[in-house]
Structures are given as structure tokens and as C-alpha cells.
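A.B. asks: Sharing a sequence plus its predicted fold:
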Amino acid sequence: MVKAKQYENGLKLIVNTAEGFSSVSAGIIVNTGSRNETESENGLSHFIEHTVFKGTKKRSAFDISDEIDGIGAQINAFTSKELTCYYTKSTADHVKECVEILSDVFFDAEFKKEELEKEKNVIIEEINMNEDSPEDVLLDLLSESRFGKRGLGQTILGPVKNVRRFTAKDVFSYMDKFYTADNVVLSFSGNITFEIAEKLAREYFAERFTRIKGAAADEFTGGLKSDLIRVKKTEQTHIGFSLPAFSVFDERSDALSVVNNVFGGGMSSRLFQRIREKAGLCYSVYSYPSQYRDCGVIEIYSGVKTESRDLAASAIIEEIEKFRKNGMTEREFVRGKEQVKSAFVFGKESTASLMLLYGKYYLFFDQIFDFDEKIKRIESITINDANDLIRGLFDTDKISTATLGPNGKKLTV
């Protein structure tokens, strides 16, 4: 059973009471991420996500982790381009302690200068680690090729130069804009009733917000069609292609998931079979949809031998054109739809996944996610729906590209 409530200050609460679970996942989901940052702020959402755990008015960083470990619970956080999430997972008898700790780090983090300086080094090492992953660097470059240097085109981690100069003043200024009651959802999933969750929400969150109204979110201003190249000494060349799609709100989103599974979502997909299994041009090749609240893309990635770069790129373009011209077979369609359906069913077996699913949906849609209705919508998709989508989206005239490797020349496809 799922129940939700919105408080007078705009704070939202959603609770999925899941029978058969012994655990509870509790999350604070904030409607801000890297797309909402200015160029000088880029990386600040992620920086805050790290530094809230470095000490509060009554707990040191060690105290936070020690208390969580002492009750056998887990605490973590992540930042994406559109949201920041702080969450715990515990047995049902320790959910109150977890919520109190989440409230403490959310409202009473001190952001002491010495702790910020130490955490800057940690985050810079995370950026360095990302830089050592050519695949991650390429995908960031691919986002920039479609969205430019602002909004969705910015990286989540931000540049090192920004991280080095962030101060507590920057943190509080940003939180004043986005860490507001109307920009937050509290989400619970697992062995917890709505009544217990609502009591915890009132005690530890509902009356604690001094910031009520959030700043306006970044608005999408249109996609680009560009070709970006970054020269980097790597063993492979990494290539990416981006096609415009649509927002996560679009009713065609389930059909897009089916289409992607057939085209590049797994080992039986068109891309994997053609580029890796038949041509032997790569180890890794895949596609995936990235959908946001107001836009979306289909992204394609492969890592190949540098001397095979243009050959592999041409083969991928040929597969896109072939897919658009001929569509998918009935067998591919059935397989792709079953993969999408099973992914949702598997997600239902994790309280953490459900906490995030229900919370995000309530945050973005202002509605309660209906799991059964979602399965019905997937089952109602027809092969004609999928093939219409392919013809509309898989247009090579609209492709943006990104290339990372020792060859600085533009792709020849």
C-alpha cells in the first residue's frame, strides 16, 4: 500500500508499506542536481552531498558512521543531474534512529572550514578517478555535444578549479535556493506503516524548514548537433553518438525502453551482435536512454581499437539507418518487452529501489506511482508503437558525436 501527503510548507511525504520485507529504506530526495548549477557553481550539488556527512552541531563525522554501524544500518547519498538523495537502510526497529541522523545531517551540518578542505581532496581524487576512466570522460563529452556547457551538459562532479574554491558561504547560498520544503520529498519503503513514517516526518522534518520556496529550476533551451573531440593518450578510442528523444513524462517512454533493449541494451541486441560478435570491432558497445523532466536522448557508446575507429563508427551508423528503415522483428519485440517488464518486477524486490522510484515519481509528477498500471502499459505496447518510435527517433541527420583518444581527427562515417 502506498500513501502520500503534502504539508502546508510544500514538503512531500510518500510511504510504500511493503509486506514481506524486514527492512526499511528511508530517503530525502532534493529536486536539484548539476543541471541547476551556474558555471561557477558546477559541482556544488555533489560537494554538498559529500560534506553534510563531515560533522553536525552534535555529531562528528565519525559519530555519524559509528552510530549507523552500531545499529547495523547503512547510510549513503548520491547526486545526479536532476536530484540529490540522502538515504538509509535498516531493520524496522531502527528506522527512527536513522531518520533522526538523516535529519541531523540535512539540517545541522556545520561545514567547518577544516572539514571542507579535507573533503575537497577526497572529491578531487574522485574527479581524478573519473578522468582515469575514458568511458566516463567520453560520456560526459557526449552530454556536452548535445546540451552544451551549461545545464544538462555540465558534469556532476564539476571541474577541480571549482571544487578548490568552494566555501561554506557557497554551500549555504546554494542550499537557500534549492534545499527548500517545496523542493523535497521524504520517501519510505519497506516494513513501515504510513502512520509511523508520518510521525517521524513531523518530528524530524516538517517543522524544521526555514527555507520554504525554492528557486526556479533550469529550463531546457534546446539540443545541439555538434561533434566534439578530445585528444587523450589511451589504448582505445572511445566513440559516442547521441540522438534526441523526449522527457521521462512522455507516454512513449515505455516503448522507448523496449526499443533500446532491442537496439543496444544487452548481449542479444543489434549493436552487440553486429559490432562485437560479428565484426569483432570492440569489447564494449551499448545504448541507453537518458530521460529528464523536459527532454531526453538516446546515447550510444563503444570502445574500439584506434585504427578501427572509423570502421566501427560507420558500422554503428549503418545499424542505426537499418533499424530505422526496417524496424524490429516480432521476436525482437517480444524479447525487448519482456526485458523491460522483468526489470520493473526485479526492482520491486528492493526497498531501496522502491524508495527511490516512488520518491522520484512523487517529486517530478506530483502523483503516486502505480506499479500495476505501469506493467499494464508495458504489456499494451504494440510492435507498431515501437516501429513508429524507431522511425521518428533513429535519424542520423540529428546525431551528435563525441570522440576520445589519440586520434584528433573528426570521425569519418
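C.D. replies: Thanks, I have the structure now. All figures in this text were calculated on a predicted structure; none of them were measured in a lab. Numbering: from 1, shown residues only.

A.B. asks: Next one, pLDDT for residue 234 please.
C.D. replies: Each residue has a pLDDT score; the one for residue 234 is 94.

A.B. asks: All the strands of the chain, in order from the start?
C.D. replies: Remark: strands assigned in the chain by DSSP state E are 2-6, 12-17, 23-30, 74-79, 84-91, 184-190, 227-231, 236-244, 282-291, 296-305, 400-405.

A.B. asks: Skipping adjacent residues, who's closest to the residue nearest the centre of the chain in space?
C.D. replies: Nearest residue to the geometric centre of the chain (Cα atoms, centre = their mean): residue 80, 4.7 Å. Leaving aside its sequence neighbours, residue 80 sits nearest to residue 33 (Cβ to Cβ, 6 or more residues apart in numbering; 5.0 Å). Where C-beta positions appear, they are placed from N, C-alpha and C, glycine not excepted.

A.B. asks: just residue 229 next, same as before
C.D. replies: Nearest to residue 229 is residue 403, by Cβ to Cβ, 6+ apart, at 4.8 Å.

A.B. asks: Tell me the predicted confidence for that neighbour.
C.D. replies: pLDDT, residue 403: 97.

A.B. asks: before we move on, what about residue 220?
C.D. replies: With respect to pLDDT, residue 220 has a value of 65.

A.B. asks: where does the stretch 251-400 of the chain dip in pLDDT?
C.D. replies: Counting by pLDDT under 70, the stretch 251-400 of the chain shows no low-confidence range.

A.B. asks: how is the protein carved up into domains?
C.D. replies: 2-206, 227-405 (automatic domain parsing).

A.B. asks: For the residue nearest to residue 80, give me phi and psi.
C.D. replies: Here is the backbone geometry of residue 33 (degrees, to the nearest 10): phi -160, psi -160.

A.B. asks: Give me the neighbour count for it.
C.D. replies: 25 (other Cβ atoms under 10 Å).

A.B. asks: And residue 370, by the same measure?
C.D. replies: Neighbour count of residue 370, defined by other Cβ under 10 Å: 12.

A.B. asks: just residue 150 next, same as before
C.D. replies: Applying other Cβ under 10 Å, we find 15 residues neighbouring residue 150.

A.B. asks: and if you look at residue 135?
C.D. replies: For residue 135, the count of nearby residues is 16 (other Cβ under 10 Å).

A.B. asks: still on that earlier bit, how near is the residue nearest to the centre of the chain to residue 152?
C.D. replies: 11 Å (Cβ to Cβ, to the nearest Å).

A.B. asks: I'd say residue 116 and residue 166 touch.
C.D. replies: Yes: if you go by Cβ atoms under 8 Å, residue 116 and residue 166 touch, sitting 7.1 Å apart.

A.B. asks: These two: who's more crowded?
C.D. replies: Counted by other Cβ under 10 Å, residue 116 and residue 166 do not tie: residue 166 has more neighbours, with 23 against 19.

A.B. asks: what's the distance between the closest residue to that one other than its chain neighbours and residue 55?
C.D. replies: With Cβ to Cβ, 6+ apart as the criterion, residue 166 has its nearest non-adjacent residue at 5.3 Å, and that residue is residue 47. Distance of residue 47 to residue 55, computed by Cβ to Cβ: 15 Å.

A.B. asks: for residue 226, same thing?
C.D. replies: Counting by Cβ to Cβ, the gap from residue 226 to residue 55 is 43 Å.

A.B. asks: okay, these two: which has more neighbours?
C.D. replies: Counting neighbours by other Cβ under 10 Å for residue 226 and for residue 55 shows that residue 55 has the greater number, 21 against 14.

A.B. asks: what's across from that one in the sheet?
C.D. replies: residue 60 (DSSP bridges).

A.B. asks: For it, give me its contacts.
C.D. replies: 61, 64, 109-110, 112, 115 (Cβ atoms under 8 Å, 6 or more residues apart in numbering).

A.B. asks: what's the most distant pair in those?
C.D. replies: Farthest-apart pair in the contacts of residue 55 is 64 and 112; separation 14.0 Å (Cβ to Cβ).

A.B. asks: who has more neighbours, the two?
C.D. replies: For residue 64 versus residue 112, neighbours defined as other Cβ under 10 Å are more numerous around residue 64 (20 against 13).

A.B. asks: Count residues in the vicinity of the closest residue to the more buried one other than its chain neighbours, would you?
C.D. replies: Distance criterion Cβ to Cβ, 6+ apart; nearest residue to residue 64, sequence neighbours excluded, is residue 53 at 5.8 Å. Residues contacting residue 53 under the criterion other Cβ under 10 Å number 20.

A.B. asks: For residue 176, give me the pLDDT.
C.D. replies: For residue 176, the pLDDT comes out at 93.

A.B. asks: Against residue 235, how distant is the residue in the chain sticking out farthest from the centre?
C.D. replies: Largest separation from the mean C-alpha position in the chain: residue 307, at 33.3 Å (Cα atoms, centre = their mean). Residue 307 is 12 Å from residue 235, where distance means Cβ to Cβ.

A.B. asks: And residue 197, by the same measure?
C.D. replies: In terms of Cβ to Cβ, residue 197 sits 50 Å off from residue 235.

A.B. asks: Please apply the same query to residue 28.
C.D. replies: Relative to residue 235, and taking Cβ to Cβ, residue 28 is found at 41 Å.
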